[in-house]
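**Student:** Have a look; sequence and predicted model below, questions after that.
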Amino acid sequence: MMGLQGIKGPSYSFLHGSTKQIMNMRKESFATAMDLSHHIFPRIMPHIDAWIQLYGENYLQWRGPQPQLVVTETQLIKEILNNKDGAFVKTKPSSYGKKLIGDGIVVTRGEKWSKLRKISNYAFHAENLKEMVPAMTASVETMLERWRHREGKAIEVYEEFKLLTSEIISRTAFGSSYLEGKNIFDMLIKLSTIISRNEFKIRFPGIGKFVKSNDDTESDRIEQ
């Protein structure tokens, strides 16, 4: 049906669909150090970058037996996300994803989504954000003071900013329970890492009920 409309894409492989190709392309992309460049997209999404050039702005790929239409055409994306007719249905998260985002605003619809949206909007009112500024400032000053003691030494900026984000969220969201907040943030990072490395792995439906991988066990523990 897609082919009749001019939509092409990589061929389907039994059970895995396109996922093995995607994993191999990402592995190859990450195998070498990146040059100093802002051309990041081909690095982190090599499959999308390559397939856009081969098949056009919109193409078909496969997640296991499920076909997926990948849309990168700007106007078409706007039309889809406008969603006046409710045709754009939110996808269900994977079992790992469900453990991270639960039944929150990302996956809910209808009345529950409206209720959660109102609650989250309140949290981002200007007055509420102003109250967070001192905590943000304190976290940044702590980081800069730490850097001053490392003058002349290399600094791993990614790790530093991850720590900064953790501190800011912990201080603003948990206040006096700062250490509890930091612990929760660390667990969220671990769970996100598990999701990332399982993103393109295809398993037989229901097999997790009988055979648990190390990631299954660890994600269950973190969720608890």
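**Tutor:** Received the coordinates, thanks. Numbers count the residues shown, from 1 in each chain.
**Student:** Check which helices and strands the host helix or strand of residue 25 is in contact with.
**Tutor:** Assessed by DSSP states H and E, residue 25 sits inside helix 19-30. Judged by 3 or more C-beta pairs under 8 Å, 6 or more residues apart in numbering; DSSP states H and E, helix 19-30 is in contact with helix 41-44, helix 46-55, strand 58-63. Every residue, glycine included, has its C-beta placed from N, CA and C.
**Student:** Quick check: buried residues in the longest one?
**Tutor:** By neighbour count, and taking 16 or more other C-beta atoms under 10 Å as the criterion, the buried residues in helix 46-55 are 46-49, 51-52, 55.
**Student:** what's the answer for stretch 209-224, then?
**Tutor:** 215-216, 219, 222.
**Student:** what's the longest helix in this protein?
**Tutor:** Secondary structure of the chain per DSSP state H: the longest helix is helix 126-148.
**Student:** tell me the mean pLDDT over the helix or strand just after that helix?
**Tutor:** Counting by DSSP H and E, the next helix or strand C-terminal to helix 126-148 is helix 157-174. Averaging pLDDT along helix 157-174 gives 85.
**Student:** Near residue 132, how many other residues are there?
**Tutor:** A count of neighbours around residue 132, defined by other C-beta atoms under 10 Å, yields 14.
**Student:** Next up, the contacts around it.
**Tutor:** 168, 172 (C-beta atoms under 8 Å, 6 or more residues apart in numbering).
**Student:** which of the buried residues of helix 46-55 lies closest to residue 115?
**Tutor:** residue 48 (34.8 Å; C-beta to C-beta).
**Student:** show me what contacts the residue nearest to that closest one when sequence neighbours are not counted?
**Tutor:** With C-beta to C-beta, 6 or more residues apart in numbering as the criterion, residue 48 has its nearest non-adjacent residue at 6.7 Å, and that residue is residue 70. Each residue near residue 70 by C-beta under 8 Å, 6+ apart is listed here: 9, 48, 51, 58-61.
**Student:** tell me, how many neighbours does residue 191 end up with?
**Tutor:** Look at residue 191: counted by other C-beta under 10 Å, it has 20 neighbours.
**Student:** for residue 72, same thing?
**Tutor:** The burial count for residue 72: 14, using other C-beta under 10 Å.
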